[in-house]
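> what follows is a predicted protein model with its sequence.
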2 protein chains.
Amino acid sequence: MRHVVDEQQPLSEAVFLILTSLAERPNHGYALIKDIEELSGGRVRLSTGTLFGALRRMLEAEWIERYEAEDTSRDKQTYRINPAGRERLIGDLNRMRALTRSAASRLKMGGR
Amino acid sequence: MRHVVDEQQPLSEAVFLILTSLAERPNHGYALIKDIEELSGGRVRLSTGTLFGALRRMLEAEWIERYEAEDTSRDKQTYRINPAGRERLIGDLNRMRALTRSAASRLKMGGR
DNA sequence: AACGACATGTCGCATGCCGACATATCATCA
DNA sequence: TGATGATATGTCGGCATGCGACATGTCGTT
């Protein structure tokens, strides 16, 4: 009996950050760019090409969903993470932890 | 005065693992595939297309160098990491640690 | 009215991964 | 001896993705 988290090809940084941002609260596209910039300490500023391409693929993969926000004052497309997306994020988080652990060990860095 | 570790676009998993493997000891291509498979707990088996493409780019970027191994019994191309490669690996290690920290925090997972 | 921030989207180029293929050597064993 | 499989290095083409540039429009402020 296999668990759902099988596909263990790495998430791109863009997808990882989008899922991380949505893990806290649903949001719309443009706001994600700013949240991710803050989240990454100013290091990552997603271009709209990256963002909307990634959102489309994540909708297709059913890791996120559109949902109706109360605030319809503008034409905002609001996205929400779903359980599959959350599992995928956790899976990739663990993948990265394993990677950093083995690299730190080989570099004799400590902080394992 | 700028430090060398500027380029902070993420390393691909393949490149990260190759640098990690070479951080412990110099090695040749085919042996890297097996070392990385072990290193990653069997999760990652690099194809030769990925490996040799990545090695070529890493040589161009001067993160690794060819060097003469004592064992010349076969035509093995032995590669060694250099200080720039090591810095790049450490930089990406820190990038991933920051990423996992913020994601864990937003997922309310602990283990930060 | 003009400007900048907000907001969503498309297009095309460049890059990188990876399976498939090509080639050759070396050890083992029937 | 000849076949097989592991070792070893490499190329090629297709596919997915990131991202800068462009397009379009709204909203708030001056």
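The structure has been received and is ready for your questions.

> just checking, residue A:10 touches residue B:13?
Yes - taking CB atoms under 8 Å as the definition, residue A:10 is a contact partner of residue B:13 at 4.9 Å. Placement of C-beta: from N, CA and C, glycine included.

> what are the buried residues along the biggest helix by length in chain A?
Determined from DSSP state H, the single longest helix within chain A is helix A:83-106. If you call a residue buried by 16 or more other CB atoms under 10 Å in any protein chain shown, then helix A:83-106 has these buried ones: A:85, A:88-93, A:95-96, A:99-100, A:102-104, A:106.

> on the three-state scheme, the residue most central in space within chain A is what?
Nearest to the mean C-alpha position of chain A, counting by CA atoms, centre = their mean, stands residue A:19 at 2.3 Å. Judged by DSSP: H, G, I helix; E, B strand; the rest coil, the three-state class of residue A:19 is helix.

> now do the helices in chain A.
A:13-24, A:29-39, A:48-60, A:83-106.

> what parts of chain A come near chain B?
A:8, A:10, A:13, A:16-17, A:19-21, A:23-24, A:39-41, A:43, A:86, A:89-90, A:93, A:95-100, A:102-104, A:106-107, A:109 (CB under 8 Å from any CB of the partner chain).

> how far away is the residue in chain A that DNA strand D sits nearest to from residue A:81?
Nearest residue of chain A to DNA strand D, counting by CB to the nearest atom of the strand: residue A:49, 1.9 Å away. Going from residue A:49 to residue A:81 by CB to CB, to the nearest Å gives 22 Å.

> looking at these two, which is more packed in?
residue A:81 (24 against 8; other CB atoms under 10 Å in any protein chain shown).

> you'd agree the more buried one is up against residue A:25?
No - using CB under 8 Å, residue A:81 is not in contact with residue A:25; the gap is 9.4 Å.

> spell out which residues are contacts of both of the two.
Taking CB atoms under 8 Å, 6 or more residues apart in numbering or on different chains as the contact criterion, no residue touches both residue A:81 and residue A:25.
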